[in-house]
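*Asks:* can't give you the sequence, but here's the structure:
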């Protein structure tokens, strides 16, 4: 009964609206689970419960065999990398300082932080001598997301939470980032909870997919089996993959 | 003439002290209050509403109201400083609240998600990012206080208003200008310097 991340009968209500109902899910160490769903399906809400940005109305979330509610939220969050759509980079910090922030908060020696920042910039494909001193406003959308991912990896957390990190990128950049993310996750051996509304992305990045619909888990299973999932909502998503050029 | 110049300089100095004390007092009270208000939406509307109302009271009337009140009222500098500080409160507090609340939600959320403590978020993220807006508030407060402080002479607060009231009473334009010109120059200098600081600290 032990899991790396576990949701047990999680519900979330806000202003009388049920955002999540009876969610049971598990994520193993080093696994990538994609939360797939349309806008308003509750996938982001679920994600934010892991690092305690939101608290379930009922049920419980566990991380590393401890209830999230029992964790000191600051300790918990520093063990979990978090990447969001617009990167959430601090505009008044250089790239290097953005990436080095959690190590800095953890009082690493300056030398070690610098080495780690360079290592991560290399890992996400940005030359340290070109990018370290830049500010976020001097970066393209794709570069911002690379820095965002480097920042999430900085203190070597075992888990990454990603909330539609590539949704705002152009398709070609998005494809590059997806390929890059696959490699990074393998190289750094991270577990990931990845929120997306894009089935193609879910199939590419997830070892398993959980399909959310109106606050419930509609279907969960290995990515490869999604194509045969009987759920009508899964079928709806599959239709988005069909190519039909206009005549 | 020489003693007239000395008189102007001395009175200008008095004016600066009056303005500086009032704005510093307003900032010392207003800044922490504004930070607290960013966390409580209901209290925020209420408090900013009151501060806003204070702003609409004509300054001479406010001096008059405070005169008979013991401790904070009476003739002299103290009453003048209290009134000026009350006026400076609105731009300082409003800009601080607007500056902090105006920070993108994604940035605040990232700060939380990276495990920053409340105080760290305040000092390392919110205040630096809100700084240009905060400085703009301070600029408005200082420039308007330089003007309003001339009225302080009416209740014995001293400052450049002394010349202006004396000049008006004796219909002597030179004496009026002896108060008005230094006040205007002061306001222009303060405005320029703070505007430069605002630009310097904007991201």
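*Replies:* Structure received. As the structure is a computational prediction, the values presented were derived from the model and not from experiment.
*Asks:* not counting its neighbours along the chain, what's nearest whatever residue of chain A ends up closest to chain B?
*Replies:* Nearest residue of chain A to chain B, counting by Cβ to the nearest Cβ: residue A:88, 3.3 Å away. All C-beta atoms are positioned from the backbone trio N, CA, C, and that covers glycine. Excluding its sequence neighbours, the residue lying closest to residue A:88 (Cβ to Cβ, 6 or more residues apart in numbering or on different chains) is residue B:110, at 3.3 Å.
*Asks:* who are the packing partners of the strand or helix carrying the one you found?
*Replies:* Here residue B:110, judged by DSSP states H and E, is contained in helix B:105-113. For helix B:105-113, the packing partners by 3 or more Cβ pairs under 8 Å, 6 or more residues apart in numbering or on different chains; DSSP states H and E come out as strand A:80-84.
*Asks:* and the strand it packs on, how far out from the chain's middle?
*Replies:* 6 Å (Cα atoms, centre = their mean, to the nearest Å).
*Asks:* pretty sure residue B:144 sits against residue B:87.
*Replies:* Yes: judged on Cβ atoms under 8 Å, residue B:144 makes contact with residue B:87 at a distance of 6.9 Å.
*Asks:* buried stuff in the helix holding residue B:110?
*Replies:* B:107-113 (16 or more other Cβ atoms under 10 Å in any protein chain shown).
*Asks:* tell me the contacts of the most centrally placed residue in chain A?
*Replies:* The centre of chain A sits closest to residue A:162, judged by Cα atoms, centre = their mean, with a distance of 1.4 Å. Residue A:162 makes contact with A:82-83, A:152, A:192-195 under the criterion Cβ atoms under 8 Å, 6 or more residues apart in numbering or on different chains.
*Asks:* in CSV: those residues, plus pLDDT, distance to residue B:159 and neighbour count.
*Replies:* Compiled in CSV, those are given as follows (pLDDT from 0 to 100; distance: Cβ to Cβ, whole Å; neighbours: other Cβ atoms under 10 Å in any protein chain shown):
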residue, pLDDT, distance to residue B:159, neighbour count
A:82, 96, 54, 27
A:83, 94, 56, 25
A:152, 94, 56, 28
A:192, 95, 65, 23
A:193, 96, 64, 25
A:194, 96, 64, 26
A:195, 96, 61, 25
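*Asks:* which members of those residues occur in strands, if any?
*Replies:* If you go by DSSP state E, the contacts of residue A:162 have A:82-83, A:192-195 in strands.
*Asks:* and chain B, which of these reach it?
*Replies:* Filtering these for proximity to chain B by Cβ under 8 Å from any Cβ of the partner chain leaves residue A:82.
*Asks:* neighbour count: residue B:144 and residue B:87, which is higher?
*Replies:* residue B:87 (23 against 19; other Cβ atoms under 10 Å in any protein chain shown).
*Asks:* mind checking the SS state of the more buried one?
*Replies:* Three-state call for residue B:87 (DSSP: H, G, I helix; E, B strand; the rest coil): helix.
*Asks:* now it. Nearest residue, chain neighbours left out?
*Replies:* Residue B:87 sits nearest to residue B:148 (Cβ to Cβ, 6+ apart), 5.7 Å away.
*Asks:* in whichever strand or helix holds the one you found, what counts as buried?
*Replies:* Using DSSP H and E, residue B:148 sits within helix B:127-148. Neighbour-count burial for helix B:127-148 flags B:127-148 (criterion: 16+ other Cβ under 10 Å).
*Asks:* up against chain B, what does chain A have?
*Replies:* Close to chain B, as judged by Cβ under 8 Å from any Cβ, chain A has residues A:51, A:53, A:73-78, A:80, A:82, A:84-92, A:101-102, A:105, A:135, A:137, A:151, A:161.
*Asks:* from those residues, which would you call buried?
*Replies:* Among these, those classed as buried by 16+ other Cβ under 10 Å are A:51, A:53, A:74, A:76-78, A:80, A:82, A:84-90, A:92, A:101-102, A:105, A:135, A:151, A:161.
*Asks:* which ones among those residues lie within strands?
*Replies:* A:80, A:82, A:84, A:161.
*Asks:* may I have the beta-bridge partners of the nearest residue to the third one once chain neighbours are set aside?
*Replies:* Nearest-residue entry for residue A:84: residue A:163, 4.9 Å, with adjacent residues in sequence omitted and distances by Cβ to Cβ, 6+ apart. Beta-bridge partners for residue A:163, by DSSP bridges, are residue A:84, residue A:195.
*Asks:* by contact count, what packs against the longest helix seen in chain A?
*Replies:* Ranked by residue count, the top helix of chain A under DSSP state H comes out as helix A:171-188. With contacts taken as 3+ Cβ pairs under 8 Å, 6+ apart, helix A:171-188 sits against helix A:110-123, helix A:141-153, helix A:199-205.
*Asks:* neighbours of residue A:247, just the number please.
*Replies:* A total of 3 residues lie near residue A:247 under the criterion other Cβ under 10 Å.
*Asks:* okay, now the unreliable bits of chain B?
*Replies:* Residue ranges of chain B with pLDDT under 70: B:1, B:72-73.
*Asks:* and the residue of chain B nearest chain A?
*Replies:* residue B:110 (3.3 Å).
*Asks:* so who does that residue touch?
*Replies:* A:82, A:84, A:88-90.
*Asks:* pLDDT check: weakest of the residues you listed?
*Replies:* Across these, no position has a lower pLDDT than residue A:88, which has 89.
*Asks:* with adjacent residues omitted, what lies nearest to residue A:62?
*Replies:* Closest residue to residue A:62 apart from its sequence neighbours, by Cβ to Cβ, 6+ apart: residue A:6 at 4.4 Å.
*Asks:* tell me the secondary structure of that neighbour, please.
*Replies:* strand.
*Asks:* residues near it, how many?
*Replies:* 22.
*Asks:* do I have it right that it meets residue A:66?
*Replies:* No: applying Cβ under 8 Å as the test, residue A:6 and residue A:66 come out as separate, 10.4 Å apart.
*Asks:* and the lengthiest helix in chain B with helix B:127-148, angle?
*Replies:* If you go by DSSP H, chain B has its longest helix at helix B:2-37. Helix B:2-37 and helix B:127-148 are oriented at 140 degrees to each other (axes from the mean of the first three to the mean of the last three Cα atoms, to 10 degrees).
*Asks:* what angle do helix B:2-37 and the next helix or strand after helix B:2-37 make with each other?
*Replies:* Remark: after helix B:2-37, the chain's next helix or strand is helix B:41-56, criterion DSSP H and E. Between helix B:41-56 and helix B:2-37, the angle comes out at 160 degrees (the same axes, to 10 degrees).
*Asks:* appreciated, that's everything.
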